[in-house]
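Peer 1: The amino acid sequence is not available; the structure is as follows:
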């Protein structure tokens, strides 16, 4: 099996499995034990993890492959790239949060409001009719993202499903790549990437999208990137990711699309007036 490519933290992958597992079997028990002891995992060997989970080392190895990792070593390597507790927010903001909580939260609020205000702009609103027409008329729609933006995509997927517009969304690299390779000229791909780094991180997926000839909607703050030269449309999701606030702009952009789709096509799906 080829080495897997991370599209999020090990924690995100474990939690997604735990939150959606229908069967509480050995794999489920291993996953819940790993989450409960997450801060220790970087220092533990496969034998120590097996003992902690009351299973064999072979069971841990099978679990790693079940979760999409090549092997235990691959899981450990990806753990090394996980966000540490000290990296959840910028160091300067964490210090300010301790020394000047009111000022820190004011800065946080201002960044959120700026992103939402600039996302709900006249320029963005003018693009919405063409975006939702394309969304409605495309034979196949797929949403590509990583990390927190998975949750934004899942929200988008659930809202559009209610209006009878199915959207494909996958959380791991191999499934996203296979999806990209399955698209055609009648398809629509949506890439949500606040900083515009998705094409840099996952060029094979983006190349597959380009080769498919599908239309591309980019939702990003990095609207001038050359990576979006082939995009059919670029929707801005704010102007700053300071204190990790770009996600609010991304959610606002998605909500604009959902509201416009509801306005134009909601009656067709029984969700309008």
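Peer 2: Happy to help now that I have it. These numbers come from a predicted model, not from an experiment.

Peer 1: CA only for contacts and neighbour counts going forward, please
Peer 2: Noted.

Peer 1: all strands of the stretch 101-250 of the chain, in order?
Peer 2: 140-144, 168-169, 187-192, 215-220, 233-236 (DSSP state E, counting those that start in this stretch).

Peer 1: Within its sheet, name the partner strands of the shortest one and how each one runs.
Peer 2: Strand 168-169 has the following strand partners under DSSP bridges: strand 140-144 (parallel).

Peer 1: tell me the mean pLDDT for the partner strand?
Peer 2: Mean pLDDT, strand 140-144: 97.

Peer 1: Can you list the buried residues in that strand?
Peer 2: 140-144 (16 or more other CA atoms under 10 Å).

Peer 1: just stretch 29-42 next, same as before
Peer 2: For stretch 29-42, burial by neighbour count (16+ other CA under 10 Å) applies to 30-32, 34-35, 41.

Peer 1: Now for residue 230: which residues touch it?
Peer 2: For residue 230, the contact set (CA atoms under 8 Å, 6 or more residues apart in numbering) comprises 210, 216.

Peer 1: Test for you: state the pLDDT assigned to it.
Peer 2: Looking at residue 230, its pLDDT is 90.

Peer 1: With residue 2 instead?
Peer 2: Value listed for residue 2 in the pLDDT field: 49.

Peer 1: shift numbering so it begins at 324
Peer 2: Taking 324 as the first residue, the last one we looked at is residue 325.

Peer 1: In the protein, where is pLDDT below threshold?
Peer 2: Counting by pLDDT under 70, the low-confidence segments of the chain come to 324-327, 406-410, 592-596.

Peer 1: Domains of it: list them as residue ranges, please.
Peer 2: With domains defined by automatic domain parsing, the chain comprises 333-403, 431-592.

Peer 1: In a markdown table: those, plus distance to residue 418.
Peer 2: Output for the domains of the chain, formatted as a markdown table (distance: least, CA to CA, whole Å):
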| stretch | distance to residue 418 |
| --- | --- |
| domain 333-403 | 22 |
| domain 431-592 | 12 |
